[in-house]
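Student: here is a sequence with its predicted model. Questions after.
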Amino acid sequence: MTTYKALTIAGSDSGGGAGIQADLKTFQELKAYGMSAITAVTAQNTLGVQDVYPMSVAAVEAQIDSIGADLGADAVKTGMLFSSEIIEAVANKIKQYKWERIVVDPVMIAKGGASLLQQQAVQALKDHLLPLAMVITPNIPEAEVLTDMSISNLDERMEAAKKLHKMGVQHVVIKGGHGEGEDLVDLLYDGQEFLYITSKRIHTKNTHGTGCTFAAALTAQLAKGSSVRQAVVVAKDFIQAAIEEDLKIGNGHGPTNHWAYHHRQKENA
Ligand SMILES: Nc1ncnc2c1ncn2[C@@H]1O[C@H](COP(=O)(O)OP(=O)(O)OP(=O)(O)O)[C@@H](O)[C@H]1O
Ligand SMILES: Cc1ncc(COP(=O)(O)O)c(N)n1
């Protein structure tokens, strides 16, 4: 049996709904071996982010080296990177280890408004990381910051996807969670065609970590050798199940249910 390995380079969420914790849970549920390099420790729960403790660049590099020198990775996801120094270091390590299946989730602001990326680091993201990305998964506000345009309809979202592709990203997924209306559309662009992945909006406040979980599911599928298109479809099913069967814990925006997808698969088998 081949073991497929997925690495997440991201921030730790003590509440377990987003960040490294969401990524590792998702990798496990999709049968990819999960590994992590922590860029920052957040004190966080369903009510918000209480504190952020960034790691040193040396600590981030050392974690990635430990993995690169021994285990290797079939796919890599980046999440909260916090500073331009960490972004540059991560980009250099990705190049050093010749990792190619890279999913960049350009995390900027947590649901409660806390900043998870310093403003001056946006340029570093564009210069160093986007050209290495096999897939980038911004939500609408993140796509607006990266493209410097405002997005209020699907045409503008398509234009933003084209702009991001021009920045060197191979595939762009602009997620629709922040859009309006009952129908929710995630848009995939591969440089030639657009694919619309639609679902009904679920009315719940328990959406903490949806972006992380979606990108982690995508990364697990890429680690196992899926095409980007197939991986996006599985990731969408994974997050849909995780939001539908939310856990109702905590007093704020609760986490999604990372075992719901696997549970459904078993029930349907
Ligand atoms: N209310 C919802 N109902 C159904 N699907 C949703 C809902 N909210 C988000 N999603 C799905 O979850 C995934 C993440 O989307 P979203 O746009 O919320 O990303 P995000 O803002 O990065 O997430 P986060 O809120 O974790 O930062 C997408 O696939 C989106 O379609
Ligand atoms: C460590 C970390 N990484 C990412 C997010 C974004 O997730 P969300 O927007 O769902 O809160 C987060 N809150 N914390």
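Tutor: Sure thing, it's come through. Ligands and ions are numbered 1, 2, ... in the order given.
Student: Ile38 and Gln63 touch, don't they?
Tutor: Yes - with contact defined as CB atoms under 8 Å, Ile38 counts as touching Gln63 (6.7 Å). Using the backbone N, CA and C atoms, a C-beta is placed for each residue, glycine as well.
Student: phi first, then psi, for the residue of the stretch 151-269 of the chain found nearest ligand 2.
Tutor: Proximity of the stretch 151-269 of the chain to ligand 2 (CB to the nearest ligand atom) peaks at Gly209, 4.4 Å away. Backbone torsions for Gly209, taken as degrees, to the nearest 10, come to phi 90, psi 10.
Student: burial count for it?
Tutor: Gly209 has 30 neighbours, counted by other CB atoms under 10 Å.
Student: touching, it and Gly17? I think so.
Tutor: Yes - here Gly209 reaches Gly17: they are 4.0 Å apart, a contact under CB under 8 Å.
Student: picking that back up, how about the residue of the stretch 151-269 of the chain closest to ligand 2, what does it touch?
Tutor: Asp13, Gly17, Ala18, Gly19, Ala22, Pro255, Thr256 (CB atoms under 8 Å, 6 or more residues apart in numbering).
Student: let me know the closest of these to Leu218.
Tutor: For the contacts of Gly209, the minimum distance to Leu218 (CB to CB) is 12.7 Å, reached by Ala22.
Student: correct me, but Arg157 touches Leu187?
Tutor: Yes - contact criterion CB under 8 Å: Arg157 and Leu187 qualify, at 5.5 Å.
Student: which residues are in contact with each of these two?
Tutor: Ile174.
Student: tally of neighbours for His203?
Tutor: 6.
Student: pLDDT wise, what is it at?
Tutor: At His203, the model reports a pLDDT of 93.
Student: and the nearest residue to Ala242 once chain neighbours are set aside, how far from Thr204?
Tutor: With CB to CB, 6 or more residues apart in numbering as the criterion, Ala242 has its nearest non-adjacent residue at 3.7 Å, and that residue is Thr256. Distance of Thr256 to Thr204, given as CB to CB, to the nearest Å: 9 Å.
Student: mutual contacts of those two, please.
Tutor: Residues touching both Thr256 and Thr204 (CB under 8 Å, 6+ apart) are Ile243, Asp246.
Student: what about those two, which has more around it?
Tutor: Set side by side, Thr256 and Thr204 show more neighbours around Thr256, with 29 against 13, by other CB under 10 Å.
Student: please name the nearest non-neighbouring residue to Leu30.
Tutor: Going by CB to CB, 6+ apart, Leu30 has Ala220 as its nearest residue, at 3.8 Å.
Student: and Glu142, that's in a helix?
Tutor: Yes - residue state for Glu142 (DSSP: H, G, I helix; E, B strand; the rest coil) corresponds to a helix.
Student: element containing Leu184, please.
Tutor: Using DSSP states H and E, Leu184 sits within strand 183-189.
Student: give me the sheet partners of that strand and which way each runs.
Tutor: Using DSSP bridges, strand 183-189 pairs in its sheet with strand 171-174 (antiparallel), strand 194-200 (antiparallel).
Student: next helix or strand past the last one?
Tutor: Toward the C-terminus, strand 194-200 is succeeded by helix 210-223 as the next helix or strand (DSSP H and E).
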